[in-house]
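Peer 1: Next come a sequence and a model predicted from it.
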Amino acid sequence: MDVRIGVTYSPKEIDIELDEKTDVKKLRAEIEKVLTGGSGVLWLTDRKERQVGVPADKVAYVEIGSPSGDRNIGFGIS
């Protein structure tokens, strides 16, 4: 499962690949809890057990989804 976090004042996104067995409802509830408080750090652990922390007041958006096989990079002919 992929989580993409947009950070204010930065054009780059943070992409985190979580374990496919992650409970989406529980994850979303935890994200909402941290972001509602406005202060604190949103901590997520990726598939390789690395922890990523983002200050809650810097989060612009969070996108939760599964990786799709139709991500195309490069040029195509129409």
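Peer 2: Sure, I can see it.
Peer 1: and Gly6, that's in a strand?
Peer 2: Yes. When DSSP: H, G, I helix; E, B strand; the rest coil is applied, Gly6 is found to be in a strand.
Peer 1: what's the closest non-adjacent residue to it?
Peer 2: Ala60 (3.9 Å; Cβ to Cβ, 6 or more residues apart in numbering). (Glycine included, C-beta is placed from N, CA and C.)
Peer 1: So for that neighbour, what pLDDT did the model give?
Peer 2: Looking at Ala60, its pLDDT stands at 94.
Peer 1: for the one 10 residues further on, same thing?
Peer 2: For Asp70, the pLDDT comes out at 54.
Peer 1: element containing Lys33?
Peer 2: Using DSSP states H and E, Lys33 falls within helix 24-37.
Peer 1: Enumerate the positions of that helix that are buried.
Peer 2: Leu27, Ile31, Val34 (16 or more other Cβ atoms under 10 Å).
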